[in-house]
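Peer 1: Compute the structure for the input listed below.
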Amino acid sequence: VDKIRLTGGEPTVRPDLAAVVGEIATPCGPWSKGGCSLAALTRPSCAGALDGLRPLGLRQIAMTTNGVALSRLLPSLHAAGLDKLNLS
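Peer 2: As a prediction, this is how the structure comes out:
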């Protein structure tokens, strides 16, 4: 996986969207130590299930949105690691 696109419904209405982007972009926890198993990635109890994908080859985190809440979220999304934005 080298690209992830957040879409469907309307991502910007999710109250923790910046945290989700940050979990995808920022290596921390067990993932930063090089151990990443399919079982660990799919465990519902794992809060940072996508942590550390950048060191594993993720190049882009993108989002498609209608922009409903974009004005208040854009700075935090960019800081969290969002690379690309598509307005529809």
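
Peer 1: going forward, measure contacts and count neighbours with C-alpha atoms only.
Peer 2: Will do.

Peer 1: How many residues are close by the residue nearest to Thr65 when sequence neighbours are not counted?
Peer 2: Once flanking residues are discounted, Thr65 sits nearest to Leu87: 5.2 Å by CA to CA, 6 or more residues apart in numbering. Look at Leu87: counted by other CA atoms under 10 Å, it has 10 neighbours.

Peer 1: and Leu87, how far is that from Gly57?
Peer 2: Per CA to CA, to the nearest Å, Leu87 is found 26 Å from Gly57.

Peer 1: need the helices for this structure, in chain order.
Peer 2: 17-25, 38-42, 70-80 (DSSP state H).

Peer 1: Any chance of TSV for these, columns distance to Met63 and mean pLDDT?
Peer 2: Putting the helices of the chain into TSV (distance: least, CA to CA, whole Å; pLDDT from 0 to 100) gives the following:
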stretch	distance to Met63	mean pLDDT
helix 17-25	10	83
helix 38-42	21	41
helix 70-80	10	88
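
Peer 1: Adding mean neighbour count, write those out as JSON lines.
Peer 2: Putting these into JSON lines (neighbours: other CA atoms under 10 Å) gives the following:
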{"stretch": "helix 17-25", "mean neighbour count": "21"}
{"stretch": "helix 38-42", "mean neighbour count": "12"}
{"stretch": "helix 70-80", "mean neighbour count": "14"}
